[in-house]
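>>> can't give you the sequence, but here's the structure:
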């Protein structure tokens, strides 16, 4: 779909990939409603988008709050007149601990944001998208949906749920004007660990580890919206794990468990 002059809602718009998606869409001529839990983070996005301030609105919303998301639909349509696309980028990780040590409140928090937040946004905005001559619904999963990262079993489960939900939406909407896109980022340089309150133990300094910038991830996401792509892997690591998980599922789990097992080593 054409991005210029379209109206997009982007969750997680206050930091990381979400912030850069907001900026990228603005550069390409869109109007954007940036959504985030933290007002100060949205203020930071606005400061970076000062050249496009007349096309940007910011909305402090907890996507895990169904009523707040439902109210957001009216808020955005009042500000912009319509909605042509939704990009569900918001997400958090869990603390790097084995499943047996992860408290239920931490599990609920991860599932509420990563899965239910996407459900709420899709459910609330889909009726508006279906009225448009062309529309986009994009959900960000993770390479953790292919293969479990040590210490991130519930996070991976939440992103696997987003994968299947999005594939189901694609199946249901394939004969409509709503293009459904599923994104699998690999390692991307963002502040997700800090924003999640889950510092990464022994953060790797291995120069051979290729980490995609959030700006590059945002460009890939905007390209996917323009092309109406169904499925996008971002980063060589995500592409490799996608293939490995398809052809050697058990080997892929063992490979990542050995490579990244230090994340939960005592």
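Received it, and whenever you're ready, just let me know what you need. Fair warning: this is a prediction, and the values are worked out from it, not measured in the lab.

>>> neighbours of residue 217, how many?
26 (other C-beta atoms under 10 Å). Quick note: C-beta positions are derived from backbone N, CA and C, even for glycine.

>>> so what pLDDT did it get?
You'll see residue 217 listed with a pLDDT of 97.

>>> my read is that it contacts residue 188, right?
Yes. Under the criterion of C-beta atoms under 8 Å, residue 217 makes contact with residue 188 at 5.0 Å.

>>> pull up the overlap in contacts between the two.
Applying C-beta atoms under 8 Å, 6 or more residues apart in numbering, one finds that residue 217 and residue 188 are jointly contacted by 17, 234, 235.

>>> nearest residue to the last one other than its sequence neighbours?
Nearest-residue entry for residue 235: residue 186, 3.1 Å, with adjacent residues in sequence omitted and distances by C-beta to C-beta, 6 or more residues apart in numbering.

>>> now do the SS call for residue 2.
coil (DSSP: H, G, I helix; E, B strand; the rest coil).

>>> likewise for residue 63?
coil.

>>> list the contacts for the nearest residue to it once chain neighbours are set aside?
Spatially, and ignoring its direct neighbours in sequence, residue 63 is nearest to residue 117 (3.4 Å; C-beta to C-beta, 6+ apart). By C-beta under 8 Å, 6+ apart, residue 117 lies in contact with 11, 63, 64, 69, 88, 90.

>>> and the third one, how far from residue 25?
Per C-beta to C-beta, to the nearest Å, residue 64 is found 24 Å from residue 25.

>>> between those two, which one's more packed in?
residue 25 (29 against 20).

>>> contacting residues around that one?
3, 8, 10, 32, 222, 225.
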